[in-house]
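Student: pasting the sequence and the predicted coordinates here, then a few questions.
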Amino acid sequence: MIRVLVVDATAEVQEHVAAALAAQPDAELAGAATTGQHAIELISVLHPDIVLLSMDDDATHAAAAETITTRFPSVSVIMTSRDGETAQLRRAMLAGARHFLVKPFAPDELIDGVRSVYRLDEGRRAAAATQLAPAPVTAGIMSPPPRAATGPAREGKIFTFYSAKGGAGSTTLACNTAVALKRATNKEVALFDCGLLFGDVGVVLNLNPRSTIVDLLPQMESNPGPLDPEFLSQVMIPHASGVKVLLAPSSPEKAELVTAEHVQRVLVALRDQFDYVVIDTWPTFEERILNVLDAADKVVVPTTLEMPAIKNSKLLLDVTSALAYSPDKVLMVLNRADSRGGIRIQDVEQILQKQFAAEVVSDGRLTTLSLNEGVPFVMTHPDAPISKDIMRLASTLVGAPLGATEEAKPKRAGLLRTVFG
Ligand SMILES: Nc1ncnc2c1ncn2[C@@H]1O[C@H](COP(=O)(O)OP(=O)(O)OP(=O)(O)O)[C@@H](O)[C@H]1O
Ligand SMILES: [Mg+2]
């Protein structure tokens, strides 16, 4: 049971949280307090796992969050506020909060946050319980035990796309990047739709879903050895661009049949047979997707300049740092970079403590056209700014300039040299 202590001066909020938790089999209300000071006193009596701390009622609450994370390393803090401003989010993060919820939050949002943070801080709780090491206060959490990862790619490179917040652009960027890689390099490129529950790569690329990952399962079940390359190739659908696509199951029930081990074996086979393996995922921390993140050479995280996307990207960066990923494995990509809505890029980079590795402009007309026609925009409009941005992202991923976009720069330098000697 995940035990939650709610700290909020408003009785309504306390009741809302109590009702949301009461409906869950794996979480319960440990108690309620109205001030940060009272909460600190209650912690040693109630032993909560998570303190849900409002920033609205009491100016000392940010300080209380710091005290809690320092004095009680096994307790995680989620801060709540009526105000979703960047400054507020930043204060919460600096105070050591692991998550931030804007009030009024839906019961699902609360429960998802509680579960994610609980899972995220597993390592920290274990360390606190065995007193192996003091918990870091602001620098993140203890690394959990080593995971059974697929390991670094030997031949092919794996690029996993993961929107920390749904709708941030994972599928759009993954599909177009795969096609851009194929066009620019003519190497073997695979696109694996690991959006197992509701994967939509098939729709985006207008493919006939004659076979999906589910068709690989009988062979994997009956034969523990490596996946037969010939059979894998038959199950993958060729796209007009030359990219080969492994589709997601056709329904969520079928997705249940795919285990983390299946996914891992598929990754090994793809990596052995392709130069580049581009993978689309969905926002979750479940084992199947953590394996795909582990196996990646680069994890691409599209985010937009919107508070929920930024908050979730921060949470994802906490997870990847807890999994001991090297910082250059994770690339933050600013999608719809020119749709700012008052949020400054520098502020976001400061909150995330990470710079954006690439930017992709907003182009609603072209993305909609591309979706409706089922043809990626990098194919139909290679010279559009959004396509050039994708090509730049692909160049960043392979670590070398690709395509006309990158070639254009040296040409201009050449002209300058000609003119100025
Ligand atoms: N740069 C962009 N400019 C304009 N629209 C965009 C851009 N990137 C993505 N979109 C649009 O935003 C919507 C969500 O994008 P997409 O499906 O790629 O996100 P996702 O992270 O895969 O979402 P989901 O959680 O549904 O899987 C789509 O309608 C897409 O066309
Ligand atoms: Mg998607």
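Tutor: Nice, I can see it. Numbers count the residues shown, from 1 in each chain. Ligands and ions are numbered 1, 2, ... in the order given.
Student: where are the low-confidence patches of the protein?
Tutor: Counting by pLDDT under 70, the chain shows low-confidence ranges at 58-59, 129-154, 404-421.
Student: so which residues on it come close to ligand 1?
Tutor: For the chain, the contact set with ligand 1 under CB under 6 Å from any ligand atom comprises 163, 166-172, 195, 282, 335-336, 360, 362-364, 367, 371, 386. Any C-beta I mention is one placed from the backbone N, CA and C, and that applies to glycine too.
Student: who are the contact partners of residue 274?
Tutor: By CB atoms under 8 Å, 6 or more residues apart in numbering, the contact set of residue 274 is 156, 187-190, 244.
Student: again with residue 360
Tutor: The contact partners of residue 360, taken as CB under 8 Å, 6+ apart, are 169, 173, 302, 333-337, 386, 389-390, 393.
Student: let's see it at 7 Å
Tutor: 173, 333, 335, 337, 386, 389-390, 393 (CB atoms under 7 Å, 6 or more residues apart in numbering).
Student: any of those residues buried? List them.
Tutor: Among those, those scoring as buried are 173, 333, 335, 337, 386, 389-390, 393 (criterion: 16 or more other CB atoms under 10 Å).
Student: go through these and flag which are in helices.
Tutor: Among the buried ones among the contacts of residue 360, the residues falling in helices (DSSP state H) are 173, 386, 389-390, 393.
Student: centroid-nearest residue for the chain?
Tutor: Centrality entry for the chain: nearest residue to the mean C-alpha point is residue 164, 3.5 Å, by CA atoms, centre = their mean.
Student: what about residue 247, how many residues nearby?
Tutor: 26 (other CB atoms under 10 Å).
Student: any idea how far residue 388 is from it?
Tutor: If you measure residue 247 against residue 388 using CB to CB, to the nearest Å, the figure is 28 Å.
Student: try residue 57
Tutor: Residue 57 is 49 Å from residue 388, where distance means CB to CB.
Student: same check on residue 184?
Tutor: In this view, residue 184 and residue 388 are 12 Å apart by CB to CB.
Student: repeat that for residue 123.
Tutor: 41 Å.
Student: again with residue 319
Tutor: When distances are taken as CB to CB, residue 319 and residue 388 turn out to be 31 Å apart.
Student: buried sites along stretch 315-324?
Tutor: Of the residues in stretch 315-324, those buried by neighbour count under the rule 16+ other CB under 10 Å are 315-323.
Student: my bad, should have said stretch 375-394
Tutor: Applying a neighbour-count criterion of 16+ other CB under 10 Å, the buried positions in stretch 375-394 are 375-379, 381-382, 384, 386-394.
Student: quick one: residue 235 from residue 119, how far?
Tutor: Note on residue 235: its distance to residue 119, by CB to CB, is 32 Å.
Student: which of the two has more neighbours?
Tutor: residue 235 (19 against 15).
Student: what number of residues lie near residue 286?
Tutor: Neighbouring residues of residue 286 were enumerated by other CB under 10 Å; the total is 12.
Student: follow-up on the earlier one: take the contacts of residue 274 and keep only those in strands.
Tutor: With strands defined by DSSP state E, the entries of the contacts of residue 274 inside them are 189-190, 244.
Student: chain center to stretch 292-304, what's the gap?
Tutor: Put simply, stretch 292-304 sits 7 Å off its chain's centre (CA atoms, centre = their mean, to the nearest Å).
Student: make 495 the first number, not 1, from now on.
Tutor: Renumbered: residue one is now 495, and that last one reads stretch 786-798.
Student: from one end of that stretch to the other, what's the distance?
Tutor: 23 Å (CA to CA, to the nearest Å).
Student: indicate whether that stretch makes contact with ligand 2.
Tutor: No: where contact is defined by CB under 5 Å from the ion, no part of stretch 786-798 touches ligand 2; the two come within 9.9 Å at best.
Student: buried residues in that stretch?
Tutor: Under the neighbour-count criterion of 16+ other CB under 10 Å, stretch 786-798 has 786-798 buried.
Student: can I get the residues you listed in TSV including secondary structure?
Tutor: Formatted as TSV, the buried residues of stretch 786-798 follow (DSSP: H, G, I helix; E, B strand; the rest coil):
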residue	secondary structure
786	helix
787	helix
788	helix
789	helix
790	coil
791	coil
792	strand
793	strand
794	strand
795	strand
796	strand
797	strand
798	coil
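Student: and these, which is closest to ligand 1?
Tutor: Taking CB to the nearest ligand atom as the measure, ligand 1 lies nearest residue 796 of the buried residues of stretch 786-798, at 6.5 Å.
Student: wait, that closest one touches residue 827, no?
Tutor: Yes: taking contact to mean CB atoms under 7 Å, the distance of 4.8 Å between residue 796 and residue 827 places them in contact.
Student: quick one: buried residues of the helix or strand that contains residue 607?
Tutor: With secondary structure defined by DSSP states H and E, residue 607 is part of helix 601-614. The neighbour-count check on helix 601-614 (16+ other CB under 10 Å) flags 604-612, 614 as buried.
Student: against which helices or strands is it packed?
Tutor: In terms of contact count using 3 or more CB pairs under 7 Å, 6 or more residues apart in numbering; DSSP states H and E, helix 601-614 is assigned the packing partners strand 496-501, helix 505-516, strand 544-548, strand 570-575, strand 593-596, helix 801-816.
Student: and those, which is most packed in?
Tutor: Of all the helices and strands packed on helix 601-614, strand 544-548 has the most neighbours on average by mean count of other CB atoms under 10 Å, namely a mean of 26.
Student: which other helices and strands contact the very next helix or strand once past that strand?
Tutor: With elements assigned by DSSP H and E, the helix or strand that comes after strand 544-548 is helix 555-565. Using 3+ CB pairs under 7 Å, 6+ apart, the elements in contact with helix 555-565 are helix 530-540, strand 544-548, strand 570-575.
Student: same list (those) but as JSON lines, adding distance to residue 502.
Tutor: Listed next are those as JSON lines, based on distance: least, CB to CB, whole Å:
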{"stretch": "helix 530-540", "distance to residue 502": "10"}
{"stretch": "strand 544-548", "distance to residue 502": "4"}
{"stretch": "strand 570-575", "distance to residue 502": "7"}
